[in-house]
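Undergrad: Only the shape, not the letters, is given here:
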């Protein structure tokens, strides 16, 4: 079953090309449950076969991620605020909670956006609080691009060196996810320490 799905994805991405990678990664960066690894790893395999270009795949994946993230950002900014202010009380979300989100992202939006793009289960949703808080759009875009660029490169390299070996991909991907999570925790500790040191 998995092998059949992988073959279908390779064929689909091969036929759609870089536009396909861009569109699928845009969908992946929205709230739809489409894991980025099922999009980019097959593209990396096609890079190995010489059917796609490494740099163009990375650019398509990175800017596709940005496109999806910007959609979430604007939806949250235009609709999310009004909905939360009107109906938030039914889920115990009060106006002062929105103010706290705004303050947090004004102070820590860069590190939150960047690190969020590297974490499974977070990258899909990190754009929503950023939009609610009206985080600076240029900063949001920049740190989304940086985080997405790293993640897409990792997945392309997995596809390039491991190809269609699903068992090895799963093993290495699990290790990479854990490593990135640890790296984000360490990065967060360093960030907090530097913030406290700057206040002294």
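TA: Thanks, I have it. If you're wondering where the values come from, they're calculated on a predicted model, not measured in any experiment. Numbers count the residues shown, from 1 in each chain.
Undergrad: residue boundaries of the helices in this structure?
TA: 2-29, 37-48, 54-75, 81-87, 95-116, 127-132, 137-162, 166-199 (DSSP state H).
Undergrad: weakest of the ones you listed by average pLDDT?
TA: Of all the helices of the chain, the segment with the smallest mean pLDDT is helix 81-87, scoring a mean of 64.
Undergrad: quick one on the thing from earlier: would you reformat the helices of the chain as TSV and include mean neighbour count?
TA: (C-beta placed from N, C-alpha, C; glycine too.) What follows is the helices of the chain, written out as TSV (neighbours: other Cβ atoms under 10 Å):
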stretch	mean neighbour count
helix 2-29	17
helix 37-48	24
helix 54-75	21
helix 81-87	13
helix 95-116	16
helix 127-132	24
helix 137-162	20
helix 166-199	13
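Undergrad: now residue 66: how far from residue 73?
TA: Separation of residue 66 from residue 73 (Cβ to Cβ, to the nearest Å): 10 Å.
Undergrad: same deal with residue 49?
TA: According to Cβ to Cβ, residue 49 stands 36 Å off from residue 73.
Undergrad: ditto for residue 16
TA: 25 Å.
Undergrad: what does residue 123 give?
TA: Residue 123 sits 13 Å away from residue 73, taking Cβ to Cβ as the criterion.
Undergrad: Then residue 146?
TA: With Cβ to Cβ as the criterion, residue 146 and residue 73 are 16 Å apart.
Undergrad: One more: residue 158?
TA: Per Cβ to Cβ, residue 158 is found 28 Å from residue 73.
Undergrad: Over to residue 27?
TA: Using Cβ to Cβ, we find residue 27 at a distance of 15 Å from residue 73.
Undergrad: can you check residue 64 too?
TA: Taking Cβ to Cβ, one finds residue 64 at 15 Å from residue 73.
Undergrad: Residue 51: neighbour count?
TA: 13 (other Cβ atoms under 10 Å).
Undergrad: Let me see the confidence value for it.
TA: pLDDT, residue 51: 87.
Undergrad: cool, residue 33 as well?
TA: 61.
Undergrad: How many residues are close by residue 32?
TA: 10.
Undergrad: distance of it from residue 183?
TA: Taken as Cβ to Cβ, the span from residue 32 to residue 183 is 27 Å.
Undergrad: Could you do residue 67 as well?
TA: 26 Å.
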